[in-house]
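Student: Provided below are the primary sequence and the corresponding predicted coordinates.
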Amino acid sequence: MLHWKGSAMPKIGPMELLILIVVIMIPVALIWGLIHLFRKLDKKPVRNQPLDTEELNRGVQYCTRCGQKLEAEAEFCPVCGTKKLCTPEKQ
């Protein structure tokens, strides 16, 4: 075994260990909370929102099954595979 004569390892007691865990967990919890918040804010209910005039002019529709935005040329939903029932009219 190696024995260091000049410097000894400091003893870490239960209080220091608890403080160390809390100091590490606070930034981790803040970062996790921000990521969770932004993901939640990014998910908007698409079924109840009106289409923008730009989207109406391009013929954008939403899937009736999963709410995924569909382009005018799409025949099937890329997420759930539902076939579009009608094609939008371009203005």
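Tutor: Happy to help now that I have it. Numbers count the residues shown, from 1 in each chain.
Student: domains of this protein: list them as residue ranges, please.
Tutor: What automatic domain parsing lists as the domains of the chain is 15-44, 45-85.
Student: so what's the residue count around Glu69?
Tutor: One thing to correct before we go on: residue 69 is Lys, not Glu. Residues near Lys69, counting by other CB atoms under 10 Å, number 15. In short, each C-beta sits where N, CA and C put it, glycine included.
Student: my read is that it contacts Tyr62, right?
Tutor: Yes - with contact defined as CB atoms under 8 Å, Lys69 counts as touching Tyr62 (5.8 Å).
Student: check the domains of the chain for me and report the most buried one.
Tutor: Mean neighbours per residue, mean count of other CB atoms under 10 Å, is largest over those for domain 45-85, with a mean of 13.
Student: would you map the strands across this structure?
Tutor: For the chain, the strands defined by DSSP state E occupy 61-62, 69-70.
Student: which strands and helices lie in contact with the last one?
Tutor: Here strand 69-70 is seen to pack against strand 61-62 when contacts are counted using 3 or more CB pairs under 8 Å, 6 or more residues apart in numbering; DSSP states H and E.
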